[in-house]
Every structure is written in C-alpha cells, then in structure tokens.
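Colleague: Give me a 3D structure for the following:
(one chain, ligands or ions: 1)
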Amino acid sequence: MEKRIRMTWMAMAAITISLASALWILSVQAQEKKGDTFVKMNKEELKKQLTPMQYKVACEGSTEAPFTGAYWDHFEGGRYLCVVCKEPLFESGTKFHSGTGWPSFWAPVKNESVGEKDDYSYMMHRIEITCKKCGAHLGHVFDDGPKPTGKRYCVNSASLLFEKDSTGTR
Ligand SMILES: [Zn+2]
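Modeller: Numbers count the residues shown, from 1 in each chain. As a prediction, the model looks like this:
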C-alpha cells in the first residue's frame, strides 16, 4: 500500500517536472515576441545595471529555466525586492516548497505591490504578475497554492533581489 502511494507521488512529481520543462521550452521560443512587456525605465541604463538573464526576464518577460535560479531553493529569513526598482515584493514567511523549480509565495508583501494582467500566450489563459511600481515582469499567479490564500505566486529568481532580515536568523 505504502509502495503504491510512493509510486503515485513519484509519477506526479515526474509529470510536474515534465510540464514545467515543456512550459519553459515554449516560453523560450516565444520570448522574442514579448519584448515590450517592460517600458517604464531607460533600457540602456537597465542593461548596465542588470545581468543579461535579469534583463531578459524582468524587462522582456522571459522565463528562467526551472531549478536554475538563485532563489527556488532558498529559505533564509528576509525580503525579496524587485530587481529593477528595489520595491519590496515578497517575504520569506510566505515562501513555500512548490516543487516547480521557481520561487513560490502564497502572498505578496502588499496586494497593491503586484500588478496582474491576463496572458493568453501558448493557447492558455494565465495571469501574469508584474511589479506595480516599475512594470518589471515577475512571473504568473495560479489558484493552486496553499492556505490561507490558495494562491501560488510563481516568480522568477531573476526578477528578485534578496535582502536578509537584519533582526531575524543571523
Ligand atoms: Zn519594480
């Protein structure tokens, strides 16, 4: 009985990873089309400030490969800021293990910090999330997260900058 449960769990994990990888491949193919996601700041300046990956994700709406970013498996106490404008977006207290390979949170610091808009790319409906202050692309939000919100904010590490909590775990 226990073995069967474990097999089912492993099959589900394999399917999740396959889906995540497939989504990533699709997004890489289409990322050139989304070049105007980010418009509110000087692009030449940003190219100097950010790494090429940070620029591609935050400014062009691209998606980093799962299990590759700096924060998907990072659980120190602190805050995650927008990589472009340094606005606090998420806190370590709402971060959880989603198994997707991307940093996942069940809530933003403040609802008004994160903008949402419909994304119909890849023949499906998803909700893109952005930094409301500067417009940087963050990722997507889904309705399959844990309690208390039931939301899963799936964010690229490349869109975030971690700031360690000075009063916490040090
Ligand atoms: Zn921002």
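
Colleague: Would you state the strands of this protein in chain order?
Modeller: Ranges of strands in the chain, per DSSP state E, are 78-82, 88-91, 95-96, 104-105, 114-119, 126-131, 137-142, 152-155, 160-164.

Colleague: could I get the ones you listed as a markdown table with mean neighbour count?
Modeller: C-betas here are computed from N, CA, C, even on glycine. Formatted as a markdown table, the strands of the chain follow (neighbours: other C-beta atoms under 10 Å):
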| stretch | mean neighbour count |
| --- | --- |
| strand 78-82 | 21 |
| strand 88-91 | 22 |
| strand 95-96 | 18 |
| strand 104-105 | 25 |
| strand 114-119 | 14 |
| strand 126-131 | 20 |
| strand 137-142 | 23 |
| strand 152-155 | 25 |
| strand 160-164 | 17 |
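
Colleague: Which one of those strands lies nearest to residue 60?
Modeller: Residue 60 lies closest, by C-beta to C-beta, to one member of the strands of the chain: strand 137-142, at 7.5 Å.

Colleague: is any part of that closest one close to the ion?
Modeller: No: counting by C-beta under 5 Å from the ion, the ion is not contacted by strand 137-142; separation bottoms out at 8.7 Å.

Colleague: just checking, what packs against that strand?
Modeller: Applying 3 or more C-beta pairs under 8 Å, 6 or more residues apart in numbering; DSSP states H and E, one finds that strand 137-142 makes contact with strand 114-119, strand 126-131, strand 152-155.

Colleague: Nearest to residue 107, out of those?
Modeller: Here strand 152-155 is closest among the helices and strands packed on strand 137-142 (C-beta to C-beta), at 7.3 Å.

Colleague: re the thing from before, mind giving me a markdown table with the helices and strands packed on strand 137-142 and columns for mean pLDDT and distance to residue 106?
Modeller: Shown next, in a markdown table, are the helices and strands packed on strand 137-142 (pLDDT from 0 to 100; distance: least, C-beta to C-beta, whole Å):
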| stretch | mean pLDDT | distance to residue 106 |
| --- | --- | --- |
| strand 114-119 | 96 | 13 |
| strand 126-131 | 97 | 13 |
| strand 152-155 | 98 | 7 |
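
Colleague: what's residue 156 in contact with, if anything?
Modeller: 57, 58, 63, 64, 69, 102, 103, 137, 138, 139 (C-beta atoms under 8 Å, 6 or more residues apart in numbering).
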